[in-house]
Every structure is written in C-alpha cells, then in structure tokens.
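Asker: sequence plus the predicted model coming up.
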Amino acid sequence: MKMISFATILMTGAALIGCGDADAKAEKAQANKVEAVAAADSEAPQSDAVSPLYKDGINDANRGDNQNGWDTDQFSINLYETIEAMLVFLKSGGLQGGGINFDAKVRRNSTDLEDLFIAHIQGADTFARGLIAAEHILKNTPYPDMLKQRYQSYDSGNGKAFEKGDLSITDLYKIGMNHGDLNHTSGKQELYESILANSF
C-alpha cells in the first residue's frame with residue numbers, strides 16, 4: 001500500500017501549487033523528499049497536483065517547528081494547518097484506503113503516561129475537526145470558485161501549455177518579452193485566511 005507523510009504533503013504543495021497532476025516519476029521523487037524541509041514551509045498545498053502522492057492515505061502524520069526548520073515529530077494539533085491539508089485530501093477523493101498514522105512523540109518535558117494519551121487523542125481530534133472544517137469550506141463557501149478563478153490562466157493558451165510542460169525556457173522568455181504590462185490582481189490572502197479561520 002502506497003502512503004505519503006503529512007510533512008511531505010505540506011512541502012510538496014508549495015512547489016506544485018497551480019500545476020497539473022504529477023506523473024509517476026514526479027510522484028516517486030516527491031514521496032522521497034526529506035521531511036525536514038517541510039518545517040521551513042508549513043503552508044499546506046492548495047492544488048490537486050499532489051493528490052496522486054497520497055491517494056492511499058497519510059502516513060507519518062506529524063508537524064515540525066517552522067522556527068527552527070526541521071521536522072520535530074510533534075503531534076499535529078495545529079488546526080489551521082491541518083484544515084489546509086485536509087482541503088487537498090478531500091479534493092483528491094478523501095480516504096481511499098490506508099489511513100493516518102502518527103509518527104510523533106510527546107515533548108521531553110511531558111513525562112506522565114497521561115501525556116501520551118492526551119497527545120494521541122488531541123492529534124486524532126485535530127484531524128477529525130480539520131476534515132469537518134475542510135468539507136464545510138468546499139461545500140459552503142466561495143473558496144473553490146476563488147481558487148478556480150485565481151488559476152484560470154492555466155486552463156487555456158500558454159498557461160495550459162506551460163502546465164503540460166510544452167514550453168521551454170526560451171518560449172517563456174519570448175512570452176514574457178511580448179506580453180507587455182500585466183494587470184494587477186490582488187491575491188486576497190486575508191480573505192482566504194478568514195474563510196479558513198471561520199470554518200471552525
């Protein structure tokens with residue numbers, strides 16, 4: 001059964017955002033990424049591009065500390081980040097086999113047996129709440145339409161050709177030189193964030 005880590009999902013999305021489905025070679029390469037990189041970029045992906053990478057479940061579910069830049073194997077209790085990951089998870093078809101496995105440990109100063117139970121329960125609850133919130137976002141908010149509009153330039157013309165890998169660096173240079181001034185378009189980051197923040 002093929003699985004991929006939650007940390008790799010977070011890391012892969014930043015690189016593939018707005019791109020198309022990954023091919024088998026890209027899938028294997030991304031699945032073998034070093035998880036430590038994930039902590040340096042904790043934004044979860046908002047692209048279907050990573051869906052083939054974890055269609056059979058999420059293994060090695062944990063979080064890092066984005067202040068020190070490596071995977072610290074902490075339990076995933078950051079609801080905001082988990083919602084972002086669950087958005088991609090649902091867009092790829094949801095749980096189709098496999099599951100979520102915690103590869104995490106309590107902190108060194110958490111020395112009671114009770115702490116182990118608290119960590120696992122809270123970690124599971126966070127994924128459950130993240131899944132519920134993500135479903136709400138996809139069904140009851142303008143979020144999906146906003147994303148579709150944001151990346152609509154990849155649906156036709158040069159954008160589609162770029163997404164398919166049909167354009168060389170020279171082609172991109174010529175397009176850039178001949179394009180002229182670009183219209184300014186707001187990224188609406190605060191609006192996206194507010195939709196996520198008000199989903200739970």
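Answerer: Structure's in. What do you need? Residues are numbered from 1 along each chain as shown.
Asker: C-terminal to the helix or strand where Phe162 lies, what's the next element?
Answerer: Element membership for Phe162, per DSSP states H and E: helix 157-164. Using DSSP H and E, the next helix or strand after helix 157-164 towards the C-terminus is helix 169-179.
Asker: convert that next one to PDB, retaining C-alpha atoms only.
Answerer: The C-alpha coordinates for helix 169-179 follow below in PDB (Å, rounded to 0.1, in the frame of the first residue of the first chain):
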ATOM      1  CA  ILE A 169      12.700  28.500 -21.100                       C
ATOM      2  CA  THR A 170      13.200  30.200 -24.400                       C
ATOM      3  CA  ASP A 171       9.400  30.000 -25.100                       C
ATOM      4  CA  LEU A 172       8.800  31.600 -21.600                       C
ATOM      5  CA  TYR A 173      11.300  34.300 -22.300                       C
ATOM      6  CA  LYS A 174       9.600  35.200 -25.600                       C
ATOM      7  CA  ILE A 175       6.200  35.200 -24.000                       C
ATOM      8  CA  GLY A 176       7.400  37.500 -21.200                       C
ATOM      9  CA  MET A 177       9.100  39.900 -23.600                       C
ATOM     10  CA  ASN A 178       6.000  40.200 -25.800                       C
ATOM     11  CA  HIS A 179       3.400  40.200 -23.100                       C
END
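Asker: quick revisit: pull the distance from the helix holding Phe162 to the chain's centre.
Answerer: 22 Å (C-alpha atoms, centre = their mean, to the nearest Å).
Asker: now that helix and helix 169-179, what's the angle there?
Answerer: With axes from the mean of the first three to the mean of the last three C-alpha atoms, to 10 degrees defining the directions, helix 157-164 sits at 160 degrees from helix 169-179.
Asker: please enumerate the helices of the protein.
Answerer: Along the chain, the segments classed as helices by DSSP state H run 6-16, 24-31, 36-40, 79-91, 113-140, 143-150, 157-164, 169-179, 189-197.
Asker: mind putting the ones you listed into JSON lines with mean pLDDT, distance to Ala104 and mean neighbour count?
Answerer: Placement of C-beta: from N, CA and C, glycine included. Formatted as JSON lines, the helices of the chain follow (pLDDT from 0 to 100; distance: least, C-beta to C-beta, whole Å; neighbours: other C-beta atoms under 10 Å):
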{"stretch": "helix 6-16", "mean pLDDT": "38", "distance to Ala104": "10", "mean neighbour count": "24"}
{"stretch": "helix 24-31", "mean pLDDT": "39", "distance to Ala104": "19", "mean neighbour count": "15"}
{"stretch": "helix 36-40", "mean pLDDT": "37", "distance to Ala104": "13", "mean neighbour count": "19"}
{"stretch": "helix 79-91", "mean pLDDT": "89", "distance to Ala104": "13", "mean neighbour count": "23"}
{"stretch": "helix 113-140", "mean pLDDT": "94", "distance to Ala104": "7", "mean neighbour count": "16"}
{"stretch": "helix 143-150", "mean pLDDT": "93", "distance to Ala104": "29", "mean neighbour count": "14"}
{"stretch": "helix 157-164", "mean pLDDT": "92", "distance to Ala104": "35", "mean neighbour count": "14"}
{"stretch": "helix 169-179", "mean pLDDT": "91", "distance to Ala104": "41", "mean neighbour count": "10"}
{"stretch": "helix 189-197", "mean pLDDT": "93", "distance to Ala104": "23", "mean neighbour count": "13"}
